[in-house]
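Visitor: Predicted structure and sequence below. I'll ask about it afterward.
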Amino acid sequence: MNKDFTFAIKSICFDEDYYPSDNTRITTNFANLARGASRQENLRNTFKMIDNRFNALAHWDNPRGDRYSVKHEIITVEMNVDGGGSHNALPLIEILKTNILDRKTSERIEGIVGNNFSSYVRDYDFSVLLLEHNKNQPGFSTPDDFGALHGKLFKSFVNSNAYRENFAKQPVICLSVSSSKTYHRTANQHPVLGFEYLQDEYSLTDEYFRKMGLKVRYFMPPNSVAPLAFYFAGDLIADYSNLELIGTISTMDTFQKIYRPEIYNANSAAGECYQPSLKHEDFSLTRIVYDREERSRLAIEQGKYAEANFIKPYQAVLQQWSASYAL
């Protein structure tokens, strides 16, 4: 057996005309927006929110607040397990790539890859494996080596020729902070990322991403109401320009306002000591339609899909590969 799997990267535009493909995880943020009777209005309002947020943060040399527009690509990563060619490739990961259009100079500036992160194996780990493990347990715990396979698959992809040929920099993934943890504001302030927050212990998601080779820092950007979690491999501040970071902030802050309005569209901002809560009632809704209960149910269905089509059929291959994978 080959020591490394091979990866193929496909890219499509995420714009008002986007329709999710059959291979797309239907719980993915961008796929949710593009479903139902309000799909085009959802998308149009979302992109307007992203552009407005970007221009508010990139305010220098931008007196009218309309200099920049953020363009997005959906990056689908397929993994070939058995050398059988593309017809045997399995959808593994979906991420977003931002590009920034400078209307003043007509320049197209490459943004960050990562942003939103979707993974069938992560669905399996959290919505199938973790639930089964804790079904009859008196307290919460994680299975042995929880997230280890997923972490190795992700690192194998980022270290692959396919990744290096398509992307110049390491990915940055931006997620919501955990509602089970308390965050403390520090005096460290970045002009774009905002105030940095720290927490006393890492969340389960933080530990899961650590196995993917990603560190985490928490920042609350200017005019945001809650910190965001930024997962990265190198140096978050030194490796990326302000415009690159703003592309990620404007995109993911907008998604979080839609999907977690209790936290990210709250009517009061996080203070020096902050614990996010999805039970918070003082918040505003966006005009964008979203069914969170459906999303939770579908995550379980997709986890079972991953189990049936990937984990079980290739269990022996995956175990052998994982055991021999050099970290």
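Guide: Structure received.
Visitor: quick one: the helices in the stretch 51-200 of the chain?
Guide: Secondary structure of the stretch 51-200 of the chain by DSSP state H, counting those that start in this stretch: the helices cover 120-124, 130-133, 148-158, 161-166.
Visitor: Strands of the stretch 1-150 of the chain, start to end?
Guide: Ranges of strands within the stretch 1-150 of the chain are 6-14, 68-80, 90-102, 107-119, based on DSSP state E, counting those that start in this stretch.
Visitor: will you turn those strands into a markdown table that also has mean neighbour count?
Guide: From N, CA and C alone the C-beta is placed, and that goes for glycine too. Below are the strands of the stretch 1-150 of the chain laid out as a markdown table (neighbours: other C-beta atoms under 10 Å):
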| stretch | mean neighbour count |
| --- | --- |
| strand 6-14 | 16 |
| strand 68-80 | 20 |
| strand 90-102 | 21 |
| strand 107-119 | 21 |
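Visitor: Report the next helix or strand after the host helix or strand of residue 217 in sequence order.
Guide: Per DSSP states H and E: residue 217 is located in strand 215-220. Using DSSP H and E, the helix or strand that follows strand 215-220 towards the C-terminus is strand 228-232.
Visitor: In terms of secondary structure, what does the helix or strand that that following strand is followed by contact?
Guide: Downstream of strand 228-232, the next assigned helix or strand under DSSP H and E is helix 242-259. Using 3 or more C-beta pairs under 8 Å, 6 or more residues apart in numbering; DSSP states H and E, the elements in contact with helix 242-259 are helix 29-33, helix 39-57, strand 68-80, strand 90-102, strand 107-119, strand 172-176, strand 228-232, helix 261-264.
Visitor: Which one of these lies nearest to residue 189?
Guide: Among these, the nearest to residue 189 by C-beta to C-beta is helix 39-57 (14.0 Å).
Visitor: which other helices and strands contact the closest one?
Guide: By 3+ C-beta pairs under 8 Å, 6+ apart, helix 39-57 packs against helix 29-33, strand 68-80, helix 242-259.
Visitor: please redo it, this time with the cut-off set to 10 Å
Guide: Secondary-structure packing of helix 39-57 (3 or more C-beta pairs under 10 Å, 6 or more residues apart in numbering; DSSP states H and E): strand 6-14, helix 29-33, strand 68-80, strand 90-102, helix 242-259.
Visitor: Let me have those in JSON lines, extended by distance to residue 269 and mean pLDDT.
Guide: Output for those, formatted as JSON lines (distance: least, C-beta to C-beta, whole Å; pLDDT from 0 to 100):
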{"stretch": "strand 6-14", "distance to residue 269": "29", "mean pLDDT": "91"}
{"stretch": "helix 29-33", "distance to residue 269": "23", "mean pLDDT": "63"}
{"stretch": "strand 68-80", "distance to residue 269": "24", "mean pLDDT": "93"}
{"stretch": "strand 90-102", "distance to residue 269": "25", "mean pLDDT": "92"}
{"stretch": "helix 242-259", "distance to residue 269": "13", "mean pLDDT": "96"}
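Visitor: quick one, which of these is nearest to residue 308?
Guide: strand 90-102 (11.8 Å).
Visitor: what pairs with the closest one, and is each one parallel or antiparallel?
Guide: strand 68-80 (antiparallel), strand 107-119 (antiparallel) (DSSP bridges).
Visitor: for it, the distance to its chain's centre please.
Guide: Mean-position distance between strand 90-102 and its chain equals 10 Å (C-alpha atoms, centre = their mean, to the nearest Å).
Visitor: ok and that strand relative to helix 39-57, angle-wise?
Guide: 50 degrees (axes from the mean of the first three to the mean of the last three C-alpha atoms, to 10 degrees).
Visitor: Tell me which strands the strand holding residue 217 pairs with, and in which orientation.
Guide: According to DSSP bridges, strand 215-220 forms sheet pairs with strand 194-199 (antiparallel), strand 228-232 (antiparallel).
Visitor: then that strand to CSV, C-alphas only?
Guide: Coordinates of each C-alpha in strand 215-220 appear next as CSV, following Å, rounded to 0.1, in the frame of the first residue of the first chain:
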residue,chain,number,x,y,z
LYS,A,215,-2.7,26.4,17.1
VAL,A,216,-5.4,28.7,18.2
ARG,A,217,-5.7,32.4,19.2
TYR,A,218,-8.8,34.3,20.1
PHE,A,219,-9.4,37.8,18.9
MET,A,220,-12.4,40.2,18.9
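Visitor: buried ones in it?
Guide: Buried residues in strand 215-220, counting neighbours by 16 or more other C-beta atoms under 10 Å, are found at 216-220.
Visitor: now, which of those residues sits nearest residue 111?
Guide: Proximity to residue 111 was ranked across the buried residues of strand 215-220 by C-beta to C-beta; first place goes to residue 219, at 17.4 Å.
Visitor: Report the contact partners of the closest one.
Guide: By C-beta atoms under 10 Å, 6 or more residues apart in numbering, the contact set of residue 219 is 174, 186, 188-190, 192-197, 227-230, 236-237, 245, 249.
Visitor: I'm done for today, thanks for sticking with me.
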